[in-house]
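[1] Turn this into a model:
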Amino acid sequence: MKAWMFHGPGTQLELVDVPDPTPAPGEVVVDLKAAGLCHSDVGITDGTLTEVLGFTPIILGHEASGVVSAIGEGVTTAAIGDRVAISAMGDGTSGVIGQKTIGIGRHGAYAQKHLAPASELIPIPDEVPFVQAAAATDAGMTSYHGVFVRGGLQPGMKVGIIGLGGLGLTGARMAVLAGAEVYAAEINTDVHAAGLERGVKHVVNDVTELAPFELDLIVDFAGFGTTTAGAIEAVRHGGRIVQVGVGQQESTINTYLLAMKDLQLVGSVGGTPADTVEVIKYIASGGLTIATRTIGFDDIPAGLDEVARGVKGHRLVATIGD
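    So this is what the prediction gives:
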């Protein structure tokens, strides 16, 4: 099979031929159909996050979907021909990033085939395209976890979303589908319309402009320092702020307001296989379409370069095979 191999920081991905994988007991081979491109892979290739890797050279890519083509001994939860996504967080028992996580601790999705534990497979209904399923495993999962698990969203809540990039748009739409009244703050006015099209009631340039709406919850998908500080100003007394984005590693906030307004400020990273399952349900219902743009398998290195420059409002997903 063909795969894009990463040899270490400062090197370009290399297109290589490697032997087709063979499943051991408890494993399956998935013929990949789609692989999402994530900014964390940019961090790995530029050296910022390389320390998370289990080894090099390695095939990167942790957003994957495809069709089961071979099964190992003892596998009873999957069959040849099954449409599946592969959990970006393992089977959920090894923390955020485990030693065998796809594209981190074992070879990943920038390849034509992938060897995975059967326990990491997530079934895809026929009505969910492979591109959408791949995006659901990370972008969708991370959005869901921040809004629903860490944010505790309930129907009828007033929710603010900071940042209408790929994650923010997805989180906003799922919040709308769950019965929340959703508002958003996005400095790039070009994507305001995309938020409104997904059911957001009102979009502003700065989160502090949302203060009059008495928001119960604000989820910050930007994390540029001033956004965190602004969320503390804007959220209602007793409200919650969830920090997902880390566009800037440090922030100066008003701790007086944090205390006097009796606020909760919590972080959120990644998610769980169960979160991905919920995202796929939203897609299957027809209510959610994650904003994506597809590229070819041969374009993965150029796609990562584009992600490094900043992709606005959508996720890049490489299509593989037929």
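
[2] What is the burial count for residue 269?
    As a burial measure, residue 269 scores 13 neighbours (other Cβ atoms under 10 Å). (C-beta placed from N, C-alpha, C; glycine too.)

[3] how close does it sit to residue 309?
    According to Cβ to Cβ, to the nearest Å, residue 269 and residue 309 sit 24 Å apart.

[4] now swap in residue 300 and tell me
    Distance of residue 300 to residue 309, computed by Cβ to Cβ: 15 Å.

[5] for residue 52, same thing?
    22 Å.

[6] what does residue 167 give?
    Using Cβ to Cβ, which is the criterion applied here, residue 167 is 18 Å from residue 309.

[7] more neighbours, residue 52 and residue 309?
    Shown here are residue 52 and residue 309; by other Cβ under 10 Å, residue 52 has more neighbours (13 against 8).

[8] per-residue pLDDT, residue 246?
    According to the prediction, residue 246 has pLDDT 86.

[9] Excluding residues flanking it in the chain, which one is nearest it?
    With sequence-adjacent residues excluded and distances taken as Cβ to Cβ, 6 or more residues apart in numbering, residue 246 is closest to residue 223, at 4.6 Å.

[10] three-state assignment of the residue nearest to the spatial centre of the chain?
    In the chain, the C-alpha closest to the average C-alpha coordinate belongs to residue 139, at a distance of 1.7 Å (Cα atoms, centre = their mean). Under DSSP: H, G, I helix; E, B strand; the rest coil, residue 139 falls in the helix class.

[11] Kindly report the same for residue 135.
    helix.

[12] List the contacts of it.
    The contact partners of residue 135, taken as Cβ atoms under 8 Å, 6 or more residues apart in numbering, are 36, 63, 166, 290, 292, 315, 317.

[13] go again using 7 Å as the cut-off
    Residues near residue 135 by Cβ atoms under 7 Å, 6 or more residues apart in numbering: 36, 63, 290, 292, 315, 317.

[14] Reformat these as JSON lines; add pLDDT.
    Shown next, in JSON lines, are those (pLDDT from 0 to 100):
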{"residue": "36", "pLDDT": "97"}
{"residue": "63", "pLDDT": "97"}
{"residue": "290", "pLDDT": "95"}
{"residue": "292", "pLDDT": "94"}
{"residue": "315", "pLDDT": "88"}
{"residue": "317", "pLDDT": "97"}
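
[15] ok, of those, which one's closest to residue 22?
    The closest of the contacts of residue 135 to residue 22 turns out to be residue 63 (Cβ to Cβ; 23.9 Å).

[16] For that closest one, list each beta-bridge partner.
    Residues in a beta bridge with residue 63, per DSSP bridges, are residue 36.

[17] now the one 4 residues further on
    Each beta-bridge partner of residue 67 is listed here, defined by DSSP bridges: residue 31, residue 83.

[18] what's the answer for the one 4 residues further on, then?
    Counting by DSSP bridges, residue 71 is bridged to residue 28.

[19] Can you give me the distance of the residue of the chain positioned farthest from its centre to residue 162?
    Relative to the C-alpha centroid of the chain, counting by Cα atoms, centre = their mean, residue 260 is the outermost residue, at 33.8 Å. Separation of residue 260 from residue 162 (Cβ to Cβ): 22 Å.

[20] Check residue 220 too.
    4 Å.

[21] Over to residue 92?
    28 Å.

[22] ok, now residue 211?
    Counting by Cβ to Cβ, the gap from residue 211 to residue 162 is 13 Å.

[23] Cool, thanks, talk later.
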